[in-house]
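In: predicted structure and sequence below. I'll ask about it afterward.
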Amino acid sequence: MSRIRMILACCALVLLTAGCRAQATAQKPVSVLNQRIETAIRNELNVPPEYDITISPQGPSKMAGFNAITVTFSLPGHPDHTQQLRYLVSTDGDTLARLSKFDISQDPDFVLPIQGRPVRGNPKAKVTIVNFDDLECPFCARMHSELFPDIYDHYKGLIKVIYVDFPLTELHPWAMHAAVDANCLADESHTAYWNFVDYVHTHGEDISGPDHDVTKSFARLDKIAEGEGQRDHLDTAKLDACVAKQDESVVKKEMAAGDKLGISATPTFFVNGVRWSGVLDPAELKMMIDRALRQQGITPPPDGDAPAPATTASASH
């Protein structure tokens, strides 16, 4: 009984408070249209009842026959619990729409930070695979093993592959160091860069070592880079100076570009701008590449056979 009395007392207090407010300020009625908009939004998004919804006045939009409104969701007493969404309302008041806007004015390759990055494959290929890579990430190593050699050989001459640095430093203590060493090699030789990436992705456990001493991992990476430099007859003094300096600025610039793209995990890759996050089954990866080739008018190579010649639909007669 005491619990019931408490509930009734609370209800009475709420009613009393509401009554005082009503006497102080008259509540302006909400328009019928805004009532319908709020009802539709609450039902569609399952908005918790404790949240208030405020609908802005209608303004112009770029879509003919529709006006734009801003809907604000707020939790009274909690200013940090506020969110705004943009909607469109038809001029006749019969239709409410929420659309996502995408910028398609630019070629995807120009949006991705790939200028100057080492390229593996045909530089003139019409299909580009851009992979945001972490050299210490085991899932990236698996993705790398799927790309090279099988996928790469299957599409030889039809694709180009570009890696962008995205070391997850909070998880992988030597990933940044590896990326810097790789870029030191890339400054002099793209071949040396790719040889280094191949080796690191297939020897991650050896680089970490049984004791996971990051200082020892750094030394192992530097030794691997030095070996690749000697094998490719690079300028030893220049390479050693670059490795010793450990300038992270280029890597951090690529990481910032990845952040702007909303990338938060590795591997994340793009096939002609179409994005996928995580390791993809080789058959599914081939589906993405085949689709990109067909969009360019190129016949994909059949499975199990040698790559088909890079003939386009417009070139065949």
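Out: Good, I have the coordinates.
In: ok, now how distant is Pro210 from Leu112?
Out: 38 Å (Cβ to Cβ, to the nearest Å). C-beta: built from backbone N, CA, C; applies to glycine.
In: compare these two and say which is more crowded by neighbours.
Out: Leu112 (20 against 8; other Cβ atoms under 10 Å).
In: packing partners for the helix or strand containing Thr39?
Out: Using DSSP states H and E, Thr39 maps to helix 32-45. For helix 32-45, the packing partners by 3 or more Cβ pairs under 8 Å, 6 or more residues apart in numbering; DSSP states H and E come out as strand 52-55, strand 66-75, strand 78-90, strand 96-97.
In: the ones you listed: which one's closest to Thr215?
Out: strand 78-90 (42.2 Å; Cβ to Cβ).
In: want to throw the helices and strands packed on helix 32-45 into TSV with distance to Asn34?
Out: Formatted as TSV, those follow (distance: least, Cβ to Cβ, whole Å):
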stretch	distance to Asn34
strand 52-55	5
strand 66-75	9
strand 78-90	10
strand 96-97	11
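In: of those, which approaches Phe139 most closely?
Out: Closest among the helices and strands packed on helix 32-45, using Cβ to Cβ: strand 78-90, at 32.4 Å.
In: and the closest one, which residues are buried?
Out: Residues Tyr87, Leu88, Val89 are the ones in strand 78-90 that count as buried (16 or more other Cβ atoms under 10 Å).
In: hang on, the earlier thing: what mean pLDDT does the helix holding Thr39 get?
Out: The average of the pLDDT scores along helix 32-45 is 93.
In: quick check: buried residues in that helix?
Out: Within helix 32-45, the residues scored as buried using 16+ other Cβ under 10 Å are Asn34, Ile37, Glu38, Ile41.
In: okay, the angle between it and strand 78-90?
Out: 110 degrees (axes from the mean of the first three to the mean of the last three Cα atoms, to 10 degrees).
In: what helix or strand is Met63 located in?
Out: Using DSSP H and E, no helix or strand contains Met63.
In: picking up where we left off before, pipe the buried residues of helix 32-45 into a markdown table and attach distance to His78 per row.
Out: As requested, the buried residues of helix 32-45 are exported to a markdown table (distance: Cβ to Cβ, whole Å):
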| residue | distance to His78 |
| --- | --- |
| Asn34 | 23 |
| Ile37 | 23 |
| Glu38 | 20 |
| Ile41 | 20 |
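In: any idea how far the strand or helix carrying Val161 is from the chain center?
Out: In the assignment (DSSP H and E), Val161 maps to strand 159-165. Between the centre of strand 159-165 and the centre of its chain there are 15 Å (Cα atoms, centre = their mean, to the nearest Å).
In: contacts for that strand next, please.
Out: Residues outside strand 159-165 that contact it (Cβ atoms under 8 Å, 6 or more residues apart in numbering): 112-114, 117-123, 125, 127-133, 147, 152, 179, 182-183, 197, 250-251, 254-255, 257-258, 289.
In: what is the rounded mean pLDDT of it?
Out: Rounded mean pLDDT across strand 159-165 is 98.
In: strands paired with it, and their directions?
Out: Within its sheet, strand 159-165 is paired with strand 119-121 (antiparallel), strand 127-133 (parallel), according to DSSP bridges.
In: assumed Val47 was part of a helix.
Out: No: counting by DSSP: H, G, I helix; E, B strand; the rest coil, Val47 falls outside a helix, being coil.
In: was I right about it contacting Ala40?
Out: No: using Cβ atoms under 8 Å, Val47 is not in contact with Ala40; the gap is 10.7 Å.
In: what about the chain, any weak spots by pLDDT?
Out: Scanning the chain for pLDDT under 70 picks out the ranges 1-27, 102-104, 106-110, 304-317.
In: helices of the stretch 101-250 of the chain, start to end?
Out: Using DSSP state H, counting those that start in this stretch, the helices of the stretch 101-250 of the chain run over 108-111, 138-146, 152-154, 175-186, 190-202, 204-208, 214-231, 236-245, 249-260.
In: dump the last one to PDB, restricted to CA.
Out: What follows is helix 249-260 as a C-alpha-only set of coordinates in PDB (Å, rounded to 0.1, in the frame of the first residue of the first chain):
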ATOM      1  CA  SER A 249      54.300  12.600 -40.400                       C
ATOM      2  CA  VAL A 250      53.500  10.800 -43.700                       C
ATOM      3  CA  VAL A 251      51.900   7.900 -41.900                       C
ATOM      4  CA  LYS A 252      49.900  10.100 -39.700                       C
ATOM      5  CA  LYS A 253      48.700  12.100 -42.700                       C
ATOM      6  CA  GLU A 254      47.300   8.900 -44.200                       C
ATOM      7  CA  MET A 255      45.700   7.900 -40.900                       C
ATOM      8  CA  ALA A 256      44.000  11.300 -40.800                       C
ATOM      9  CA  ALA A 257      42.700  10.800 -44.300                       C
ATOM     10  CA  GLY A 258      41.400   7.400 -43.200                       C
ATOM     11  CA  ASP A 259      39.700   8.900 -40.200                       C
ATOM     12  CA  LYS A 260      37.900  11.400 -42.500                       C
END
